[in-house]
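*Asks:* Here is a sequence with its predicted model. Questions after.
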Amino acid sequence: MAERVEQEEIFSQVLRAGRRTYFFDVRSTKADDYYLTITESKKFTHDDGSFHYQKHKIYLYKEDFSEFNEMLKAATDYIVNEKGQEVISERHQKDYKKDEVTTEEETSTESFTDVSFEDI
């Protein structure tokens, strides 16, 4: 069993974004080809201080990389072109302060849209 786990965990990257964490994992098929899993993990805290994680996973295979990348770029470009870089939903949080919005947050959004599947 340990051999299979070793074979599956080829390459991983983690993007932490507030209470969400995104995992980009390259895995191996039984035929020893590679595919990508993208997992979103959200942390939920209960009133008693305990917490749990909710996870959603996408499996992406090489034959879909090009079209997926094009559609992801088109969708993220559309959002930025229509609404700009500012995260509007943050204005509605009770502890929001306008001058706390940093260019680092904007940069992390930009780098996320510049995903290149050809590097995999």
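*Replies:* That came through fine. This structure is a prediction, so every number in the text was calculated from the model and none was measured.

*Asks:* Every contact and neighbour count from this point should use C-alpha atoms.
*Replies:* Noted.

*Asks:* where does this protein have low pLDDT?
*Replies:* Segments of the chain classed as low confidence (criterion: pLDDT under 70) are 1-8, 90-120.

*Asks:* go with 80
*Replies:* Applying pLDDT under 80 to the chain flags the ranges 1-9, 88-120.

*Asks:* Would you map the strands across it?
*Replies:* 11-17, 20-28, 34-45, 51-61 (DSSP state E).

*Asks:* how about the ones you listed, which one is nearest residue 84?
*Replies:* Between residue 84 and the strands of the chain, the shortest separation by Cα to Cα is 18.6 Å, and it involves strand 11-17.

*Asks:* circling back to that earlier point, dump the strands of the chain to JSON lines, plus mean neighbour count.
*Replies:* Compiled in JSON lines, the strands of the chain are given as follows (neighbours: other Cα atoms under 10 Å):
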{"stretch": "strand 11-17", "mean neighbour count": "12"}
{"stretch": "strand 20-28", "mean neighbour count": "18"}
{"stretch": "strand 34-45", "mean neighbour count": "17"}
{"stretch": "strand 51-61", "mean neighbour count": "12"}
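
*Asks:* Show me which positions of the longest helix along the chain end up buried.
*Replies:* In the chain, ranked by residue count with DSSP state H as the criterion, the top helix is helix 65-83. Of the residues in helix 65-83, 65, 69, 73, 76 count as buried by neighbour count, 16 or more other Cα atoms under 10 Å.
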